[in-house]
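Participant: what's the 3D shape of this:
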Amino acid sequence: MEAIVRVCAITMLLPLFVHCIPCRESIGRSRTLVEHSPVLGVNYGHMADNLPPPSAVAKLVQNTTISKLRLYGADSATLQAFANTGIGLLVGISNDQIPSLNQLAVAQNWVKNNIVPFIPATDIIGISVGNEVLFSGDRVLISQLLPALQNLHAALVDVSLDQQIKVSTPHSMAILSTSAPPSAGRFSESFDMKALLDFLQKIGAPFMINPYPYFAYKSDPTDRTLAYALFEPNQGSYDTNTGLKYTNMFDAQVDAVYSAMKYLGYTDIDIVVAETGWPSAGDPSETGASLQNAIAYNGNLIKHVTSMTGTPMMPNRSIEIYIFGLFNEDLKPGPTSERNFGLFKTDLTMAYDVGLLRSQSAGPSPAAPRAGGPVAAPPIGKAWCIAKPGVDEKSLKGNLDYACGQGIDCRPIQQGGPCYLPNTMASHAAYAMNAYYQSAGRKSLNCDFAQTGTLTSKDPSYGGCVYSTVNA
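Facilitator: Numbering: from 1, shown residues only. Below you'll find the model as predicted:
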């Protein structure tokens, strides 16, 4: 029932620019699939023999900041379990069901049996038809996709649910032929994207895509690429066409797909990230599959999308995502990583902590360490974050750019500000690193900066330049 092909085809790999996806244009009315829900969703797969009952899963999700789930089928027990929970459900249809849905009567019966009985108690927000069909290579199946989408939409119109429930289909990143720089993003000419985009635009449905920076990193496993993929401090990359700077791979992917859509004339179709994630374990040959990297990517992704910062091409916009996945699924085929994408274990405990429980803050610092262990615990009382002695200017500039790019107030280190002098990279970076550390909750991980930051109990303030702090 669950046919997931995670492929991050890299059609062009320029300095830190890898295969990409878009976000949303905010011109005109909103067309988001989940406009009545916050941005954070998770994929709920069933390829395991030890999953807890749906009723227990519903209680678990209600105790988290997760607002919606993507299902890979229309299991009635699951749909019933989430009744009156306020959790939005994106119901799935598998690839092998698509041919039969080319008949309108079949689509009508499917909606009648799998959607109507559960409305309105269960908050069904959309129907996800197939998974990465265009990349399947099956020309017959590809030709049947759009008619299936059209018939399902018509069936929803028949029961007056077409405004509440939108139909769409998730795509592999391989639908892009060019992705670097992001402004040059283009769809492969192998696919007729205009017909699909016309349909989505007409019914107000989103374009769905599955970006995985993890797979892009595997193809280019360098420290620089890893920091870029994990939202960690890095030099970033400039799009020479737009002059925009990218500090993480996710944004570059989002903007590349947006550019591909814009090139074809579509700027009012939202993008929903149907899958993205990072494995917490893998085979020895699976570079980057580790607990530390999974914590960094998923935690920093959550923090990024919930901050509403958007992307360089679409600032101050929300990007709706579905993280893969809710549980580790022990029956998934393939390498070890495929069975270790879960945020939770099947005993309902966390596989690792990224702040999803309601009593916790959302996510770790984007500067989570990836080697050598965490930084030291903060001193008792007041503490400040500064750069370690001897850090090179290149790293300091990366820290400065990253911290100031997270919304902290860097005006004091601009010319004329109280902390502008001494006008050195070390001084400016130290101020920005501390400001980020204080604003992000004073966790030791927030002062890691790829192991170039350290905590001190000695106030680095001088003259009229005050380094902020709070009591521990």
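Participant: what are the ranges of the helices in this protein?
Facilitator: 54-62, 76-81, 104-114, 139-158, 193-203, 213-219, 223-229, 249-263, 291-306, 393-404, 425-439 (DSSP state H).
Participant: in the third one, what's buried?
Facilitator: By that I understand helix 104-114. Residues 106-108, 110-111, 114 are the ones in helix 104-114 that count as buried (16 or more other C-beta atoms under 10 Å). All C-beta atoms are positioned from the backbone trio N, CA, C, and that covers glycine.
Participant: In TSV: the helices of the chain, plus distance to Met314 and mean pLDDT.
Facilitator: Output for the helices of the chain, formatted as TSV (distance: least, C-beta to C-beta, whole Å; pLDDT from 0 to 100):
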stretch	distance to Met314	mean pLDDT
helix 54-62	29	96
helix 76-81	33	96
helix 104-114	33	98
helix 139-158	25	98
helix 193-203	17	97
helix 213-219	18	92
helix 223-229	19	91
helix 249-263	7	96
helix 291-306	12	93
helix 393-404	20	85
helix 425-439	23	92
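Participant: Quick one: closest of these to Trp384.
Facilitator: The minimum distance between Trp384 and those falls on helix 425-439, with 5.1 Å, by C-beta to C-beta.
Participant: The closest one to helix 393-404, inter-axis angle?
Facilitator: Counting by axes from the mean of the first three to the mean of the last three C-alpha atoms, to 10 degrees, helix 425-439 lies at 30 degrees to helix 393-404.
Participant: Name the residues of helix 425-439 that are buried.
Facilitator: For helix 425-439, burial by neighbour count (16+ other C-beta under 10 Å) applies to 425, 427-439.
Participant: wait, which of the buried residues of helix 104-114 is closest to His153?
Facilitator: Ala107 (8.7 Å).
Participant: Who are the contact partners of that closest one?
Facilitator: With contacts defined as C-beta atoms under 8 Å, 6 or more residues apart in numbering, the neighbours of Ala107 are 101, 148, 151-152, 154-155.
Participant: Just the buried subset of those, written out for PyMOL, thanks.
Facilitator: To isolate in PyMOL the members of the contacts of Ala107 that are buried, counting by 16+ other C-beta under 10 Å, one can use:
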select buried, resi 101+148+151+152+155
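Participant: Can you check the pLDDT for Phe344?
Facilitator: On pLDDT, Phe344 comes in at 96.
Participant: who touches it in this structure?
Facilitator: Per C-beta under 8 Å, 6+ apart, neighbours of Phe344: 60, 326-328, 350-351.
Participant: So what sits opposite it in the bridge?
Facilitator: On the basis of DSSP bridges, Phe344 is bridged to Phe327, Met350.
Participant: picking that back up, of the contacts of Phe344, keep whichever come out buried.
Facilitator: 60, 326-328, 351.
Participant: Pro221: neighbour count?
Facilitator: Neighbours of Pro221 under the rule other C-beta atoms under 10 Å: 11.
Participant: follow-up on the earlier one: ranking the helices of the chain by burial, who's on top?
Facilitator: Neighbour counts (mean count of other C-beta atoms under 10 Å) averaged over each of those peak at helix 249-263, with a mean of 27.
Participant: if we can go back for a sec, want to try JSON lines for the contacts of Phe344, with distance to Asn446 as columns?
Facilitator: Formatted as JSON lines, the contacts of Phe344 follow (distance: C-beta to C-beta, whole Å):
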{"residue": "Leu60", "distance to Asn446": "28"}
{"residue": "Leu326", "distance to Asn446": "27"}
{"residue": "Phe327", "distance to Asn446": "29"}
{"residue": "Asn328", "distance to Asn446": "28"}
{"residue": "Met350", "distance to Asn446": "20"}
{"residue": "Ala351", "distance to Asn446": "22"}
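Participant: And those, which is closest to Arg139?
Facilitator: Leu326 (33.5 Å).
Participant: what sits against that closest one?
Facilitator: Applying C-beta under 8 Å, 6+ apart, the residues near Leu326 are 42-45, 57, 61, 69, 342-344.
Participant: Using CSV, please lay out the residues you listed together with distance to Asp409.
Facilitator: Formatted as CSV, these follow (distance: C-beta to C-beta, whole Å):
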residue, distance to Asp409
Val42, 33
Asn43, 37
Tyr44, 40
Gly45, 42
Val57, 42
Val61, 36
Leu69, 37
Gly342, 38
Leu343, 33
Phe344, 37
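Participant: Could you identify the buried members of the residues you listed?
Facilitator: Using 16+ other C-beta under 10 Å as the burial test, these include 42-45, 57, 61, 69, 342-344 as buried.
Participant: Can you tell me which of those comes closest to Ile127?
Facilitator: Distance to Ile127, by C-beta to C-beta, is smallest for Leu69 among these, at 13.5 Å.
Participant: contacting residues for the closest one?
Facilitator: For Leu69, the contacting residues are 41-44, 61, 82, 87-90, 322, 326, by C-beta under 8 Å, 6+ apart.
Participant: just the residues you listed now: which is nearest Leu356?
Facilitator: Nearest to Leu356 among the contacts of Leu69: Val42, at 8.6 Å, using C-beta to C-beta.
Participant: Just grab the bridge partners of the closest one for me.
Facilitator: Val42 has these beta-bridge partners by DSSP bridges: Leu69, Ile323.
Participant: ok so, going back, could you save the buried residues of helix 425-439 as CSV and add columns showing distance to Gly334?
Facilitator: What follows is the buried residues of helix 425-439, written out as CSV (distance: C-beta to C-beta, whole Å):
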residue, distance to Gly334
Met425, 45
Ser427, 50
His428, 46
Ala429, 42
Ala430, 45
Tyr431, 47
Ala432, 42
Met433, 40
Asn434, 44
Ala435, 43
Tyr436, 38
Tyr437, 39
Gln438, 43
Ser439, 40
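Participant: ok, so of those residues, who is nearest Trp278?
Facilitator: Distances from Trp278 to those, taken by C-beta to C-beta, are shortest for Tyr436, at 22.4 Å.
Participant: Averaged over its residues, which helix or strand of the protein has the lowest pLDDT?
Facilitator: Here the helix or strand of the chain ranked lowest by mean pLDDT, DSSP states H and E is helix 393-404, holding a mean of 85.
Participant: So which other helices or strands are in contact with that one?
Facilitator: helix 425-439 (3 or more C-beta pairs under 8 Å, 6 or more residues apart in numbering; DSSP states H and E).
Participant: what helices or strands is the helix it packs on leaning on?
Facilitator: strand 384-387, helix 393-404.
Participant: do you know which of the ones you listed lies nearest Pro233?
Facilitator: Of these, the one closest to Pro233 (C-beta to C-beta) turns out to be helix 393-404, at 4.0 Å.
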